[in-house]
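**Q** 3D, please:
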Amino acid sequence: MLDELKLLYNTKLKQEKEKFGNIKDLMDFLNKEKLTPQFEVFTTAGTDPIVNVGGRDVLMFSSNNYLGLATHPRVIEGAKMQLKKHGGGPGGSRFLCGNIDILDDLDKKVAATVGAEDAITFPTGYMANLAIFNTLMDPLLGALPYSKNSGVIFSDEYNHATVVDGCRLSSAKKIVFKHNDMADLESKLKKFSKNKHKMIITEGVFSLDGHLGKLKEIADLSKKYNCIFMVDDAHGIGVVGEKGGGVPQLLKITKDVDIFMGSFDKALGCMGGYLAGKKELIEYLRIASRPYIFSSAVPGVLAGGAIAALDICCDQKGAILRRNLMKNSNYVGTKLKKLGYNVLGDGTVFALPVIIGDEDKAIQFSTRLFEEGIFIPSFRWPAVPKGTARVRVTPMATHQKKHLDYLVDVFYKVGKELSII
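**A** Purely as a prediction, here's the structure:
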């Protein structure tokens, strides 16, 4: 009996190891090499300049809540009104029962903000990027509107992971061009000039590199080679442009962009994503996009908050917040450069990527910042190229000068301690 129990135990042990052994081995390696990120728990809003982590207050300098709208009274009130009217969730997709009136208002508000004819919204920005490439580049019925494997997507090598994942869902050939390198892009466009169905995708703001995408130049190439031109402006909407309409608005090329993508969870302080463009394109996405058809709609509570945030961005309050943000960013960026830090960017972007280089040192640097009361996790391989580990300092419009000065003082102290400066 004892031998049988031992055999059964060993068999079960072997089965468990076969099922999850590779995962355990990988996790052991990642933990040993300190490659797994730390997930701190915030007991207050993680979007405020000062947050509470583990019972102590620290300065938040890694939130995407650039304009401080996540806790703005108008945004909260807009969400509250829709929460009372529609409850916590939509109950299904817009096709089933989730097509509530506030979502039509949100679609129209997004389109008007970015300068498009129409827009379609999703519960997350990730879903928006998962939705577009397969829907636009592959057939819906038979070989219509485009046959399988007929398309080509040209994607900037630094495009966000959501763009990469979305492209993988399409049968179109994927061509990666060097970051912001127009000569490389054009040489690759020439090789596929005979393909009738082509698309170029880049970002408006490359926040980990501190500069804008070369949208004007890409717009010209899109016309020359007859390509669909899409801009992922997740980090631009609300915070860039005269009315917060994003990078195409700033560069005055909205008419040259075919597809605008963005999210509500950064400068707008809410949650969700959108795709905007010509009316016939958006109407097609509404019937052909699987993430739209087979997922629940944006809840009314989120839509109410997003509309309020877009309203703020388009009025005088938004202009003031954008000026405050850039003032804070320029102040910190100038100070850090004077200390000797390698701060990427050309001054056009509010995010301040600070290169540390070595992965282990970047982890030490981030850990020491946290011990000194500043929260900025590090970005390291595979999120960024090996040997270019960095921290991304993201001042907000709501940070006070004393917060910025303390950040600079701690960067000086820790930078000297770790021989970074």
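
**Q** how about the helices of the stretch 151-300 of the chain, start to end?
**A** 161-168, 182-191, 215-224, 247-251, 279-288, 290-293, 300-314 (DSSP state H, counting those that start in this stretch).

**Q** by contact count, what packs against the fifth one?
**A** Helix 279-288 makes packing contacts with strand 118-122, helix 125-137, strand 273-277, helix 290-293 when contacts are defined by 3 or more CB pairs under 8 Å, 6 or more residues apart in numbering; DSSP states H and E. For every residue, glycine as well, the C-beta is placed using N, CA and C.

**Q** Have a look at this protein and report its longest helix.
**A** helix 2-32 (DSSP state H).

**Q** Whichever helix or strand comes after it: which residues count as buried?
**A** With elements assigned by DSSP states H and E, the helix or strand that comes after helix 2-32 is strand 50-53. By 16 or more other CB atoms under 10 Å, the buried positions in strand 50-53 come out as 50-51, 53.

**Q** about what we covered before: right, and the helices of the stretch 151-300 of the chain - which one's nearest Val414?
**A** helix 161-168 (28.9 Å; CB to CB).

**Q** one step back: so which of the helices of the stretch 151-300 of the chain is the most surrounded?
**A** Stretch with highest mean neighbour count among these: helix 300-314 (a mean of 25; mean count of other CB atoms under 10 Å).

**Q** Pull the helix or strand following that helix out as PDB, backbone CA atoms only.
**A** Scanning forward in sequence from helix 300-314 by DSSP H and E, the next helix or strand is helix 316-339. The C-alpha trace of helix 316-339 is given here as PDB (Å, rounded to 0.1, in the frame of the first residue of the first chain):
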ATOM      1  CA  GLN A 316      -9.000  77.400 -21.800                       C
ATOM      2  CA  LYS A 317      -8.500  75.200 -18.700                       C
ATOM      3  CA  GLY A 318      -6.800  72.600 -21.000                       C
ATOM      4  CA  ALA A 319      -4.500  75.200 -22.500                       C
ATOM      5  CA  ILE A 320      -3.400  76.300 -19.000                       C
ATOM      6  CA  LEU A 321      -2.800  72.700 -18.000                       C
ATOM      7  CA  ARG A 322      -0.700  72.000 -21.100                       C
ATOM      8  CA  ARG A 323       1.400  75.100 -20.400                       C
ATOM      9  CA  ASN A 324       2.000  74.000 -16.800                       C
ATOM     10  CA  LEU A 325       3.000  70.500 -17.900                       C
ATOM     11  CA  MET A 326       5.600  71.800 -20.400                       C
ATOM     12  CA  LYS A 327       6.900  74.300 -17.900                       C
ATOM     13  CA  ASN A 328       7.400  71.600 -15.300                       C
ATOM     14  CA  SER A 329       8.900  69.200 -17.800                       C
ATOM     15  CA  ASN A 330      11.400  71.800 -19.200                       C
ATOM     16  CA  TYR A 331      12.400  72.800 -15.600                       C
ATOM     17  CA  VAL A 332      13.200  69.200 -14.600                       C
ATOM     18  CA  GLY A 333      14.800  68.400 -17.900                       C
ATOM     19  CA  THR A 334      17.100  71.400 -17.800                       C
ATOM     20  CA  LYS A 335      18.100  70.600 -14.200                       C
ATOM     21  CA  LEU A 336      18.900  66.900 -14.800                       C
ATOM     22  CA  LYS A 337      21.000  67.700 -17.900                       C
ATOM     23  CA  LYS A 338      23.000  70.200 -15.800                       C
ATOM     24  CA  LEU A 339      23.600  67.500 -13.300                       C
END
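
**Q** In terms of secondary structure, what does helix 316-339 contact?
**A** Using 3+ CB pairs under 8 Å, 6+ apart, helix 316-339 is in contact with strand 342-343, strand 352-357, helix 401-417.

**Q** most packed of these?
**A** For the helices and strands packed on helix 316-339, the highest mean count by mean count of other CB under 10 Å goes to strand 352-357, at a mean of 21.

**Q** buried residues in the helix or strand that it is followed by?
**A** Using DSSP H and E, the next helix or strand after strand 352-357 towards the C-terminus is helix 359-371. In terms of neighbour count (16+ other CB under 10 Å), helix 359-371 has its buried residues at 359, 361-366, 368-370.

**Q** Pull out the buried residues from stretch 261-274.
**A** 261-274.

**Q** so for that stretch, what's the average pLDDT?
**A** Averaging pLDDT along stretch 261-274 gives 96.

**Q** distance between the ends of that stretch?
**A** Using CA to CA, to the nearest Å, one end of stretch 261-274 lies 6 Å from the other.

**Q** Low-confidence ranges, the chain, go.
**A** Residues of the chain meeting the criterion pLDDT under 70: 1-2, 9, 13.
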